[in-house]
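Enquirer: Based on what follows, work out the 3D shape:
(one chain, ligands or ions: 1)
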Amino acid sequence: MLKHYTINISLIHIAVGISMAVFGVALLFFAGIFSLAPQSTHIHQAMAQPVGDFPIPDAMRMFTNNTALIKRFSLDPYILDMAILPKSVVAGQSALFVLNAFHKPTMTWLWHTDYSIYITDVKTGQKLVVFPNLHGHGGMVQFEYKFPSAGPYNVGIIFGQQTGSPNFIVEPKVIRQINIPVNVAAAQSSPIPKGAHVEVIPIKVQSWKFTPNIITVKRGDIVRLVFTTAQDEVELYNGHGFGIEGYNVNVFLLKGTQQTIDFVADKPGTYTFRCTSFCSSPEAALENHFNMTGKFIVQA
Ligand code: CUA
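Expert: Below you'll find the predicted structure:
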């Protein structure tokens with residue numbers, strides 16, 4: 001699973017790298033035709049700006065404090081913005097980390113950031129996993145990890161800004177390092193009570209919508225959401241998320257898979273659910289991710 005995920009990221013970024021290289025060569029070509037002076041520096045800067053006037057999709061915009069652990073670290077002149085989902089990490093269950101690097105003075109993405117990540121079990125000192133090189137095409141990367149058991153862990157993150165085009169090697173010009181303590185809780189078994197009503201709801205997930213986007217259940221129901229996540233063509237992300245604000249529900253939905261979650265609809269009311277994993281691509285509107293929302297209605 002972990003291996004597959006890492007390879008997946010590498011392939012995506014190789015593909016992106018090739019298309020960026022082609023695009024860059026095309027730009028240089030046209031710059032050469034239409035202007036007398038070589039403009040390679042300017043061309044690089046033009047590509048390093050955020051798309052249009054879209055705000056940076058920082059953790060506060062992508063997630064809510066109900067569903068994610070949101071932190072922001074100031075590492076002058078940079079900011080590392082981070083969200084961990086779910087808010088309380090549980091042993092044996094996937095935790096999704098979303099890291100975003102900004103340039104603080106301009107509040108723009110630190111484009112082409114490389115991240116090196118290692119996770120250490122604090123009790124034993126054992127280094128459990130290393131992502132030697134995750135490349136953020138923008139300033140963002142995300143990875144999924146299942147902590148094997150309860151207890152304190154350290155998530156060490158080294159990130160650096162590359163200059164020039166991405167070459168997928170951590171050899172950046174500027175390096176910052178940070179250690180993030182993560183306390184992993186023991187898994188709790190929640191057996192479904194005998195005789196409880198299980199409301200099974202299939203949900204189709206695709207870029208960029210949930211179908212249905214209104215879910216109605218009765219208070220006390222065991223809600224079983226069966227997600228089928230499309231293998232979309234969009235290249236820059238690995239899947240979507242599903243989180244219900246005000247409910248302790250949040251899952252990462254890997255593209256091309258089916259996943260099921262159960263929970264008890266114990267609070268009546270109308271709640272917003274939304275995609276909790278950044279999924280817009282520069283080729284489309286950045287707002288696509290933020291528009292993946294719906295209503296979860298629990299009738300009293
Ligand atoms: Cu789908 Cu964010």
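
Enquirer: Please, where are all the strands along the stretch 201-300 of the chain?
Expert: 209-211, 214-218, 222-229, 239-244, 249-254, 258-264, 269-274, 293-299 (DSSP state E, counting those that start in this stretch).

Enquirer: if you compare the ones you listed, which one is most tucked away?
Expert: Among the strands of the stretch 201-300 of the chain, strand 239-244 has the highest mean neighbour count (mean count of other Cβ atoms under 10 Å), at a mean of 25. For every residue, glycine as well, the C-beta is placed using N, CA and C.

Enquirer: Show residues contacting that one.
Expert: 63-64, 66-68, 85, 96, 203, 205, 207, 210, 225, 227, 229, 249-255, 257, 271-277, 279, 292, 296 (Cβ atoms under 8 Å, 6 or more residues apart in numbering).

Enquirer: With stretch 200-218 instead?
Expert: Stretch 200-218 is touched from outside by 197, 199, 223-230, 232, 234, 240, 242, 253, 265, 273, 275, 279-280, 288-289, 291-299, with contacts defined as Cβ under 8 Å, 6+ apart.

Enquirer: any idea how the protein splits into domains?
Expert: Per automatic domain parsing, the structural domains of the chain span 1-39, 59-184, 198-299.

Enquirer: Could you dump these into JSON lines with distance to the ligand added?
Expert: Below are the domains of the chain laid out as JSON lines (distance: least, Cβ to the nearest ligand atom, whole Å):
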{"stretch": "domain 1-39", "distance to the ligand": "16"}
{"stretch": "domain 59-184", "distance to the ligand": "8"}
{"stretch": "domain 198-299", "distance to the ligand": "3"}
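
Enquirer: Which of those domains has the lowest mean pLDDT?
Expert: Of all these, the minimum mean pLDDT falls on domain 1-39 (a mean of 35).

Enquirer: my guess is Ser277 contacts Gln142, does it?
Expert: Yes - using Cβ atoms under 8 Å, Ser277 is in contact with Gln142, at 6.6 Å.

Enquirer: With neighbour numbers in mind, choose between these two.
Expert: Neighbour count, other Cβ atoms under 10 Å: between Ser277 and Gln142, Ser277 has more, with 26 against 23.

Enquirer: which ones are touching Ser74?
Expert: Taking Cβ under 8 Å, 6+ apart, we find Ser74 in contact with Lys104.

Enquirer: what are the pairing partners of the host helix or strand of it, and which direction each?
Expert: Assigned by DSSP states H and E, Ser74 falls within strand 69-75. Sheet pairing here is set by DSSP bridges, and for strand 69-75 it gives strand 78-85 (antiparallel).

Enquirer: I am finished for the moment; much appreciated.
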